[in-house]
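Asks: Can you look at this prediction? I've put the sequence above it.
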Amino acid sequence: MTDNGYDYDWLIVGSGFGGSVSALRLAQKGYRVAVLESGRRFADADFAERTAQLRRYHWLPQLGMRGILRTTFFRDLFVLSGCGVGGGSLGYANTLYRARPGFYTNPQWPAMGDWESELEPFYAEAERMLGVATYDRDGTADRLLREYAETVGVAHTYTRTPVGVFLGEPGRTVPDPYFGGQGPPRTGCLRCGSCMIGCRHGAKNTLVKNYLYFAERLGVEVMPERTVTDIRPLGDGSGADGYEVVHERSGALVVRGRASARAHGVIVAAGALGTNRLLQRCRLAGSLARLSDRLGDMVRTNSEAFVAVTAPEGSGYDFSRSVAISSSIHTDPDTHIEVVTYGAGGDSQSLLRALMVTSGRRGTRPLHFALAALKHPAQALGALRIRGSARRTIILLVMQSLDNSMRLAVKRRHRGGAVTLRTEQDPQHPNPDHIPAAYDAARWFAARVGGSAYSGITEAVLGIPLSAHILGGAVIGADAGSGVIDTRHRVFGYENLLVCDGAAVPANVGANPSLTITAMAERAMSFIPEKPTLEGHGAPPQARRL
């Protein structure tokens with residue numbers, strides 16, 4: 001127990017990019033910190049070898065699945081998100097771009113600062129901590145992407161991706177190459193392409209290799225498989241007297257093992273979906289009744305689409321010998337296209353794809369899909385021939401920095417307080433149900449390799465797009481009438497309560513958002529002062545810099 005009677009100075013909900021940054025920086029400032037993570041802890045060898053290993057890859061603890069991938073289906077969106085100690089870093093594509101220009105000038109926040117300049121030093125620190133390096137080679141998929149860029153007149157935009165991967169001698173383990181020997185040993189990338197299944201080789205710069213690694217060395221307590229169910233202000237209800245955080249065993253159906261802990265402050269960093277769900281639950285329960293009515297607004301999907309092209313069997317194509325995302329282009333200032341692989345172990349992911357259909361909208365798409373499948377039965381059935389499909393498949397991830405959004409509202413409150421959320425499209429700026437630039441690229445790739453083009457199964461059959469980068473819902477605003485948190489990530493209406501994850505992001509990033517979330521969390525933590533010691537001084541100097 002801390003000197004003032006709390007169990008901890010700060011409790012952090014979630015161990016993804018925002019939570020891990022917060023844990024390390026607060027520990028460096030002398031605070032006693034604990035992290036509550038709903039997912040399990042993984043050693044490198046614990047990750048699945050194939051996506052078909054459902055118990056090791058997917059997260060559905062009620063059915064005994066305790067992997068790293070969580071799937072959530074809404075009326076307007078199918079969401080993929082990460083789970084585990086290290087959050088989304090365990091299964092993300094280790095791609096670390098800075099935001100596109102439109103992000104900084106989105107109408108939600110430019111009046112509050114010059115955000116490109118404001119975030120610059122924090123981007124630089126995030127890049128240092130995450131070990132960002134430019135990928136060092138072109139593979140078959142990259143050469144095809146470069147050719148496509150030349151065809152559509154944007155060859156100058158082709159670039160290799162900035163990745164959080166140790167690109168040392170393949171398979172060779174060496175002492176920590178990033179932090180002067182203070183970090184864990186690392187092994188050179190094998191270019192197996194399995195980054196999103198979970199790197200079993202020690203090459204991927206997940207948060208447990210940097211931010212969380214050092215946070216735990218400084219005494220941060222990480223409690224895995226604990227789901228937070230309530231955040232209750234103590235005393236007068238403002239948060240000035242601290243909080244009680246209630247948590248239970250993740251996925252438990254009977255013996256929930258409910259417990260609570262008290263802290264001076266709380267940082268909510270449960271990922272965009274987790275944070276929105278938890279805050280809505282707390283508001284309905286009355287424990288955080290002062291939350292802004294804008295909670296759930298301005299939810300973004302990064303305006304993205306996933307399409308894929310599978311080359312024919314016997315064609316000789318193998319797109320898997322790479323990292324997950326190795327290069328990208330911009331077909332226009334707002335549209336970013338990347339080539340993606342799951343590696344040879346990702347065969348079962350083909351079951352998440354279906355024949356690409358470009359006609360029809362949400363209500364009529366099932367009919368158009370059925371007609372297309374009847375017209376092209378061999379191609380339609382191709383997605384079901386999963387053996388060896390991952391090697392022959394290029395996934396194209398298309399992201400845009402356009403201003404579209406939806407709302408996450410409460411659909412149902414269950415016995416015990418849990419909530420189910422639903423999506424509601426912004427009538428003025430709805431999230432797109434298809435992106436023409438994605439379909440154009442897929443058609444070109446399919447023709448070039450003599451293969452078949454597919455889109456996500458929910459998009460192809462129902463007109464419901466897939467996103468791996470859901471953002472917003474508790475965004476930065478000038479006041480409680482325009483956002484949930486202020487420019488320092490402090491929740492309006494409360495003291496010592498912050499949101500530091502993708503839920504805070506106020507606009508589509510236009511690129512993979514992990515680096516931006518990290519930089520924004522770094523900036524938020526910079527405003528928290530060092531903890532005074534008994535002598536009146538701050539944290540010991542040796543803890544401040546790695």
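Replies: All right, it came through fine.
Asks: all contacts plus neighbour counts: C-alpha atoms, from now on.
Replies: Fine.
Asks: Secondary structure element for residue 308, which one?
Replies: Assigned by DSSP states H and E, residue 308 belongs to strand 305-310.
Asks: Pull out the buried positions in the next helix or strand along the chain from that strand.
Replies: Going down the chain from strand 305-310, the next helix or strand is strand 325-332, by DSSP H and E. Using 16 or more other CA atoms under 10 Å as the test for burial, strand 325-332 gives 325, 326, 327, 328, 329, 330, 331.
Asks: which residues are contacting strand 325-332?
Replies: With CA atoms under 8 Å, 6 or more residues apart in numbering as the test, strand 325-332 has contacts from 93-95, 135, 138, 142, 145-146, 149, 152, 154-155, 157-161, 336-341, 437.
Asks: Show me just the buried residues among the residues you listed.
Replies: 93-95, 135, 142, 145-146, 149, 154-155, 157-161, 336-341, 437.
Asks: Which parts of the stretch 1-150 of the chain are helices?
Replies: Ranges of helices within the stretch 1-150 of the chain are 17-28, 54-57, 101-104, 115-130, 140-151, based on DSSP state H, counting those that start in this stretch.
Asks: now for the longest strand anywhere in the chain, which elements pack on it?
Replies: If you go by DSSP state E, the chain has its longest strand at strand 259-268. With contacts taken as 3 or more CA pairs under 8 Å, 6 or more residues apart in numbering; DSSP states H and E, strand 259-268 sits against strand 8-13, helix 17-28, strand 243-249, strand 497-499.
Asks: and the longest one, what other elements does it pack with?
Replies: It refers to helix 17-28. strand 8-13, strand 33-36, helix 211-217, strand 259-268, helix 514-526.
Asks: re the thing from before, so which of the helices and strands packed on strand 259-268 is the most surrounded?
Replies: Across those, the average number of neighbours (mean count of other CA atoms under 10 Å) peaks for helix 17-28, which reaches a mean of 29.
Asks: Could you give the average pLDDT over that one?
Replies: The pLDDT scores in helix 17-28 average 98.
Asks: Off-centre distance for it?
Replies: 17 Å (CA atoms, centre = their mean, to the nearest Å).
Asks: now the end-to-end length of stretch 389-397.
Replies: End-to-end span of stretch 389-397 (CA to CA, to the nearest Å): 18 Å.
Asks: and what of stretch 231-244?
Replies: 6 Å.
Asks: next one: stretch 411-428
Replies: Its start and end residues considered, stretch 411-428 measures 22 Å (CA to CA).
Asks: Give the buried residues for it.
Replies: 418, 419, 421, 422, 423, 424, 425.
Asks: For the fourth one, grab phi and psi.
Replies: Note on residue 422: its backbone torsions stand at phi -130, psi 160 [degrees, to the nearest 10].
Asks: about what we covered before: compare the helices and strands packed on helix 17-28 and report which one is nearest to residue 69.
Replies: With CA to CA, the closest approach to residue 69 among the helices and strands packed on helix 17-28 belongs to helix 514-526: 16.1 Å.
Asks: any idea of the angle that closest one forms with helix 17-28?
Replies: 30 degrees (axes from the mean of the first three to the mean of the last three CA atoms, to 10 degrees).
Asks: roughly how far out does the worst-scoring helix or strand of the chain on mean pLDDT sit from the chain middle?
Replies: Using mean pLDDT, DSSP states H and E, helix 377-382 stands out as the lowest-scoring helix or strand of the chain, at a mean of 82. Its chain's C-alpha centre and that of helix 377-382 lie 32 Å apart, by CA atoms, centre = their mean.
Asks: got it, and stretch 232-244?
Replies: With CA atoms, centre = their mean, you get 30 Å for stretch 232-244.
Asks: which parts of it are buried?
Replies: 232, 233, 234, 237, 238, 239, 240, 241, 242, 243, 244.
Asks: I'd like to check which residues are in contact with the third one.
Replies: If a contact means CA under 8 Å, 6+ apart, then residue 234 has 240, 241, 242, 243, 244 as its contacts.
Asks: got a pLDDT number for the second one?
Replies: What the model reports for residue 241 is a pLDDT of 97.
Asks: Just want to check the distance between it and residue 190.
Replies: 51 Å.
Asks: Out of the helices and strands packed on strand 259-268, flag the one nearest residue 61.
Replies: strand 243-249 (10.1 Å).
Asks: Each with direction, which strands does that closest one pair with?
Replies: Within its sheet, strand 243-249 is paired with strand 226-233 (antiparallel), strand 259-268 (antiparallel), according to DSSP bridges.
Asks: just to revisit the earlier point, next helix or strand past the longest strand of the chain?
Replies: Next element after strand 259-268 (DSSP H and E): helix 271-285.
Asks: Pull the residues that contact that following helix.
Replies: 14, 16, 228-231, 268-269, 288-291, 295-296, 408, 410, 417-421, 470-474, 501-504.
Asks: Buried among those? Need that as a selection in PyMOL.
Replies: In PyMOL, a selection of the buried entries from these looks like this (16+ other CA under 10 Å):
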select buried, resi 14+16+228+229+230+231+268+269+288+291+295+296+408+410+418+419+421+470+471+472+473+474+501+502+503+504
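Asks: residues contacting residue 417?
Replies: Counting by CA under 8 Å, 6+ apart, residue 417 has contacts 281, 285.
Asks: Same check on the one 5 residues further on?
Replies: Contacts here follow CA under 8 Å, 6+ apart; on that basis residue 422 touches 74, 75, 408, 409, 410, 411.
Asks: Name the SS class of the residue nearest to the fifth one when sequence neighbours are not counted, please.
Replies: Nearest-residue entry for residue 410: residue 421, 4.5 Å, with adjacent residues in sequence omitted and distances by CA to CA, 6 or more residues apart in numbering. Using DSSP: H, G, I helix; E, B strand; the rest coil, the secondary structure recorded for residue 421 is strand.
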